[in-house]
Structure formats: C-alpha cells, structure tokens
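Peer 1: Turn this into a structure:
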Amino acid sequence: MAATKSQSTMSSKLSPQARRWRVIIFTLPIIGATSFVLYKRLILGEPRRRLPTDLERHGNEKVATILTTGEGKGEQGGRPAGV
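Peer 2: Prediction:
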C-alpha cells in the first residue's frame with residue numbers, strides 16, 4: 001500500500017526537541033567509538049590499523065608487472081581493452 005501524503009509529511013515534521021534528540025541518539029555512538037579508538041592509539045600506544053594492500057603482498061614484482069604489461073592504463077594483461 002502506498003504511503004499517503006499526510007503520512008510522508010508527518011514523518012518528516014519533528015518538533016525542535018525531537019530533532020535534537022534524534023541528533024543526540026545518532027551522534028553519541030559515533031563519538032564514543034571514535035573516542036575509544038583514539039584513546040587506545042594515543043594513551044595506550046596501540047598502532048594504527050592499516051588495510052593490507054596488493055603492493056605489500058607482492059612487492060616489486062607487482063610494480064614490474066604493471067610497468068611491463070601496461071595494466072592500469074585501460075589494458076588488461078598487456079592487451080588493449082577493446083581487443
């Protein structure tokens with residue numbers, strides 16, 4: 001059943017106090033998680049988490065493959081993309 005016009009406008013109209021509560025409820029978990037991560041890094045000295053990259057795994061051989069085959073410039077496996 002499709003929402004009527006009154007239902008859609010009703011859900012978007014919140015009182016100023018309700019909007020404040022919505023912002024508080026939404027932002028507190030984000031602020032708490034960010035603060036906890038920063039505490040662990042700055043106070044406890046935990047190292048920063050990093051995403052593994054393909055370059056770390058394969059090192060110079062991946063760079064050599066890219067340079068010799070032309071990967072990353074619209075070509076796949078040394079062949080032009082349209083072939």
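
Peer 1: how about Q17, phi and psi?
Peer 2: Main-chain torsions, Q17, degrees, to the nearest 10: phi -70, psi -40.

Peer 1: Next one: it, what pLDDT does it get?
Peer 2: Confidence at Q17, expressed as pLDDT, is 96.

Peer 1: just so I have it, where are all the helices in the protein?
Peer 2: 5-12, 16-42, 54-58, 60-69 (DSSP state H).

Peer 1: mean pLDDT lowest for which of these?
Peer 2: Across the helices of the chain, helix 5-12 gives the lowest mean pLDDT, at a mean of 57.

Peer 1: Share the number of residues neighbouring the residue lying closest to R48 once chain neighbours are set aside, please.
Peer 2: Leaving aside its chain neighbours, R48 sits nearest to R41 (6.2 Å; criterion: Cβ to Cβ, 6 or more residues apart in numbering). The way it works is simple: take the backbone N, C-alpha and C, and place the C-beta from them, glycine included. By other Cβ atoms under 10 Å, 13 other residues sit near R41.

Peer 1: R41 and S35 touch, don't they?
Peer 2: No. At 10.9 Å, R41 does not count as touching S35 under the criterion of Cβ atoms under 8 Å.

Peer 1: Next up, the contacts around G45.
Peer 2: Applying Cβ atoms under 8 Å, 6 or more residues apart in numbering to G45 gives no contacts.

Peer 1: What's the separation between R20 and P29?
Peer 2: 16 Å (Cβ to Cβ, to the nearest Å).

Peer 1: Pull up the distance across stretch 38-50, start to finish.
Peer 2: 15 Å (Cα to Cα, to the nearest Å).

Peer 1: If you could redo that for stretch 34-51, that was the one I meant.
Peer 2: OK, stretch 34-51 end separation, Cα to Cα: 18 Å.

Peer 1: Give me the buried positions along it.
Peer 2: Of all the residues in stretch 34-51, not one is buried under the rule 16 or more other Cβ atoms under 10 Å.

Peer 1: tell me the contacts of R49?
Peer 2: So R49 contacts nothing (Cβ under 8 Å, 6+ apart).

Peer 1: any idea of the pLDDT on it?
Peer 2: At R49, pLDDT is 85.

Peer 1: From G32, how far off is it?
Peer 2: 18 Å.
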